[in-house]
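# From the sequence below, what's the structure:
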Amino acid sequence: MELRASIDDFIDMLRVERQYSPETIRAYAADLRAFEQWARTRDVDDTRSLDLECFRDWLWQQSKDGLAQATLARRSATARSWSTWLQREGMTEADSAARLRSPKTKRHLPKVVAQQAMTELLDRMHEHAASGDPIAVRDVAIVELLYAAGLRVSELCGLDLDDIDLDRLTARVTGKGSKQRVVPFGVPAHAAIVDYVRDARPVLLARSAVPSDHSAVFFGARGRRLGSRSAYAVISRALSTVPAAGGQGPHTLRHSAATHLLDGGADLRAVQEMLGHASLGTTQIYTHVSTERLRESYRLAHPRA
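Below is the predicted model of the structure:
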């Protein structure tokens, strides 16, 4: 079968059968399109022509091109998943990429914002929102909710009004694999959401020149449902004012929320459930962050460190 057609069928399977998130599907598609483009330069355009050396040569070429180890590891995993599916569907005689090894990746600790710095950032944002600017009011609600609930940016952008329970201070979010979970948020986030929904959301919604998705919680400046890129810009702009904030994307707030919860004595499995991690091992990285922060504080403060 032609490579392009088999890739299209594989991506459709991920979307329909496995119900992967749009972000995950885009990553799979990008990796396999890159492989297809490279394979054609080697006169490989049919699934029957695939073999282990073909996949190895592809990864080796990308390594020489300077791709990050994490990217190479992801592309290796993508190739193995696709290859297994090809054999199962009878498009290849063997699972050619089964023995394809991923390069070992260096595991970096997540960047987090210190609790005091986070408080100061939110105080500044609240002062700015006091002017009544609907964008400023919205941005406060976004940052408060992301930090309070440890949400992924896609989960925040996908929120509908019916997902927010202001009485119970909870939000129902749809995470990876279309799995839903209910997460709590605090009183400051509650107040920010109430202010936004009452005062700013109607103003933003009225700016839409075309029929908009009235069910959405957050809207962009033109009155349409807030997208991930716009949300990223909001967070990046906010965190750029924080000295030594580390990362400046929405995941920095998620990392910070998880780390501060564990610093405060939260149970690891409770944090896992709140973040929507399938594996406890993914959540455990934040215990390393907490330990490293304790070690650094000790080194700076203890006279015999």
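# switch to C-alpha atoms for all contacts and neighbour counts from now on
Noted.
# can you list the domains in the protein?
The record, using automatic domain parsing to delimit domains, assigns the chain the ranges 3-88, 115-301.
# SS state for the residue nearest to Ser240 when sequence neighbours are not counted?
Take Ser240 and drop its neighbours on the chain: the residue closest to it by Cα to Cα, 6 or more residues apart in numbering is Gln248, 6.7 Å away. When states are read from DSSP: H, G, I helix; E, B strand; the rest coil, the local structure at Gln248 comes out as coil.
# any chance you could map the strands in this protein?
For the chain, strands defined by DSSP state E occupy the ranges 164-165, 170-174, 180-184.
# Now render those strands as TSV, adding distance to Glu36.
Formatted as TSV, the entries for the strands of the chain read as follows, by distance: least, Cα to Cα, whole Å:
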stretch	distance to Glu36
strand 164-165	43
strand 170-174	32
strand 180-184	34
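# and those, which is most packed in?
Comparing the strands of the chain by mean neighbour count (mean count of other Cα atoms under 10 Å), strand 170-174 ranks first with a mean of 20.
# can you give me the angle it makes with strand 180-184?
Here strand 170-174 runs at an angle of 150 degrees relative to strand 180-184 (axes from the mean of the first three to the mean of the last three Cα atoms, to 10 degrees).
# now for strand 170-174, which elements pack on it?
Applying 3 or more Cα pairs under 8 Å, 6 or more residues apart in numbering; DSSP states H and E, one finds that strand 170-174 makes contact with helix 153-157, strand 164-165, strand 180-184.
# can you list the residues that contact the first one?
In this case it means helix 153-157. Applying Cα atoms under 8 Å, 6 or more residues apart in numbering, the contact partners of helix 153-157 are 142, 146, 173-175, 217-218, 225-228, 231-232, 250-251.
# Lowest-confidence entry in those residues?
On pLDDT alone, Pro250 ranks lowest of the contacts of helix 153-157, at 82.
# Could you measure from it over to Ala117?
The spacing between Pro250 and Ala117, counted by Cα to Cα, to the nearest Å, is 16 Å.
# And the two? Which one has more around it.
Set side by side, Pro250 and Ala117 show more neighbours around Pro250, with 25 against 16, by other Cα atoms under 10 Å.
# give the contact list for the more buried one.
Taking Cα under 8 Å, 6+ apart, we find Pro250 in contact with Leu146, Arg152, Val153, Ala231, Tyr232, Ile235, Ser236.
# let's go with 10 Å and repeat that
Contact analysis of Pro250 by Cα atoms under 10 Å, 6 or more residues apart in numbering lists 142-143, 146-147, 150-154, 228, 231-236, 239.
# again, but for Leu32
Leu3, Arg4, Ile7, Asp8, Phe10, Ile11, Arg26, Trp38, Arg75, Thr78, Ala79, Trp82.
# As a markdown table, the domains of the chain with distance to Ala94 would be great.
Below are the domains of the chain laid out as a markdown table (distance: least, Cα to Cα, whole Å):
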| stretch | distance to Ala94 |
| --- | --- |
| domain 3-88 | 6 |
| domain 115-301 | 28 |
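# quick one: which of the ones you listed is nearest Ser102?
Each of the domains of the chain was checked against Ser102 via Cα to Cα, and the shortest separation belongs to domain 3-88, namely 4.8 Å.
# No further queries at this time; thank you.
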